[in-house]
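>>> Following is a predicted model, sequence given first.
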Amino acid sequence: MNIILFSSKPYDRASFQALALPGDWQLQFQDCLLTADTAALAEGCEVVCAFINDNLSAPVLERLAAGGTRLIALRSAGYNHVDLKAAERLGLAVVRVPAYSPHAVAEHAVALILALNRRIHRAFNRTREGDFSLHGLTGFDLHGKTVGVVGAGKIGQAFAGIMAGFGCRVLVYDPYPVPELASFGGHQVTLNHLIAESDIISLHCPLNEGSRHLIDNARLAQMKRGAMLINTGRGALVDTPALIGALKSGQLGYLGIDVYEEEAELFFEDRSDLPLQDDVLARLLTFPNVIVTAHQAFLTHEALAAIAGTTLDNIAAWAAGTPVNRVTSAA
């Protein structure tokens with residue numbers, strides 16, 4: 001069986017090649033994104049293994065199906081970038097990695113909070129240039145602050161538990177009951193209550209039509225003045241241009257993002273020798289109270305090993321006629 005991995009970086013290759021494969025499986029690694037132009041590379045491959053910024057729209061899926069592809073194996077939990085109805089029409093099964101290491105993403109969200117609060121990024125740059133002054137580096141105690149967690153899946157719960165360990169009051173919004181909150185004193189509340197009461201808001205919900213631009217001008221105005229917003233979920237959970245006005249006015253005091261709505265043409269590549277064409281991102285990067293990381297929250301040894309293992313298990317189950325972790329348009 002021929003399997004092609006698009007958007008595969010050296011760390012992906014290492015994690016997949018560390019695992020034992022059936023003798024008749026052949027892995028092909030492609031650094032490029034899957035697009036309408038690169039879909040031809042999958043000719044003769046029964047399985048296409050795609051990542052979050054690969055194009056899995058109807059035209060691309062049609063080209064893959066015409067070339068012999070029968071399975072789309074996602075190396076991610078999210079599947080909002082897949083036209084599931086087109087996949088079903090074409091007879092393409094779609095499987096995903098529903099969970100890998102929730103601690104990886106949760107801990108990265110906490111790292112963004114700590115770095116923003118204590119101005120670690122600014123202090124690092126100062127001391128490297130011999131400036132050991134402390135002006136402008138004052139932070140605040142996390143203990144006693146109210147932290148709002150939007151989305152209480154595995155990642156959201158892991159994050160909530162960490163913040164409870166700091167002595168924070170934890171508020172959680174999720175459309176479903178979350179009985180696990182009782183273990184660390186969390187409180188499930190409405191989204192409006194969470195937005196209005198939280199000193200720090202962290203987004204851990206999936207992207208769908210109901211959550212697209214969940215944080216917009218109106219919700220930013222509802223926040224406490226000077227609140228912190230963290231997004232390690234999906235870029236389109238936030239109306240990014242709205243952030244600029246909120247940052248300029250001081251309504252939003254801190255911003256940490258690991259995802260960006262228009263990241264597909266930017267993230268995972270070295271573009272340091274090119275002018276940044278995205279004016280919104282360029283403006284965000286000028287604020288001293290903003291940290292942007294390039295979708296690295298998942299990037300731990302443990303998470304990479306789990307992604308590779310689950311992906312290969314998904315392919316094996318599909319090949320055996322007993323697919324697992326399958327997603328459909330009815331999901």
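Arrived safely.

>>> All the strands of the stretch 51-200 of the chain, in order from the start?
71-74, 93-95, 146-150, 169-173, 187-188, 200-203 (DSSP state E, counting those that start in this stretch).

>>> Tell me which strands the first one pairs with, and in which orientation.
Put plainly, it is strand 71-74. strand 47-50 (parallel), strand 93-95 (parallel) (DSSP bridges).

>>> Nearest spatial neighbour of the spatially most central residue of the chain, chain-adjacent residues omitted?
For the chain, the residue sitting closest to the mean C-alpha position, by Cα atoms, centre = their mean, is residue 233 at 4.0 Å. With Cβ to Cβ, 6 or more residues apart in numbering as the criterion, residue 233 has its nearest non-adjacent residue at 4.5 Å, and that residue is residue 203. Yep, even glycine has a C-beta here, placed from its N, CA and C like the rest.

>>> What is the neighbour count of the one you found?
24 (other Cβ atoms under 10 Å).

>>> Identify the residues contacting the residue nearest to the centre of the chain.
With contact taken as Cβ atoms under 8 Å, 6 or more residues apart in numbering, residue 233 is in contact with 151, 203-207, 259.

>>> among those, who's most crowded?
The most crowded member of the contacts of residue 233, judged by other Cβ under 10 Å, is residue 204 (28 neighbours).

>>> For that one, give me its contacts.
Counting by Cβ under 8 Å, 6+ apart, residue 204 touches 105-106, 109, 149-153, 155-156, 159, 232-233.

>>> and those residues, which of them are in helices?
Using DSSP state H, the subset of the contacts of residue 204 located in helices is 105-106, 109, 155-156, 159.

>>> Relative to residue 247, which of these is nearest.
Proximity of these to residue 247 (Cβ to Cβ) peaks at residue 109, which lies at 19.1 Å.

>>> what's the closest non-adjacent residue to that closest one?
residue 232 (4.7 Å).

>>> Identify all contacting residues around the lengthiest helix in the chain.
In terms of residue count, the longest helix belonging to the chain (DSSP H) is helix 301-319. Contact partners of helix 301-319, identified using Cβ under 8 Å, 6+ apart, comprise 1, 3, 11-12, 14-16, 18-19, 21-22, 47, 49, 71, 73-76, 93, 95-97, 99-101, 103-105, 298, 323-325.

>>> Buried by neighbour count, from these: which ones?
1, 3, 12, 15-16, 47, 49, 71, 73-76, 93, 95-97, 100-101, 103-105, 298, 325 (16 or more other Cβ atoms under 10 Å).

>>> any idea how far the helix or strand hosting residue 221 is from the chain center?
Secondary structure assignment for residue 221, by DSSP states H and E: helix 217-222. Relative to its chain's centre, helix 217-222 lies at 23 Å (Cα atoms, centre = their mean, to the nearest Å).

>>> Can you list the buried residues in that helix?
Buried, per 16+ other Cβ under 10 Å, within helix 217-222: 219-220.

>>> which strands and helices sit next to that helix?
Packing partners of helix 217-222 (3 or more Cβ pairs under 8 Å, 6 or more residues apart in numbering; DSSP states H and E): helix 191-197, helix 240-249.

>>> Same list, those, but as a markdown table with mean neighbour count please.
As requested, the helices and strands packed on helix 217-222 are exported to a markdown table (neighbours: other Cβ atoms under 10 Å):
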| stretch | mean neighbour count |
| --- | --- |
| helix 191-197 | 17 |
| helix 240-249 | 17 |
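
>>> Compare those and give me the one nearest residue 67.
The closest of the helices and strands packed on helix 217-222 to residue 67 is helix 240-249. By Cβ to Cβ, the value is 35.5 Å.

>>> for the next helix or strand after the closest one, packing partners?
For helix 240-249, the succeeding helix or strand toward the C-terminus, using DSSP H and E, is strand 252-257. Counting contacts by 3+ Cβ pairs under 8 Å, 6+ apart, strand 252-257 packs against helix 102-117, strand 227-231, helix 240-249, strand 290-292.
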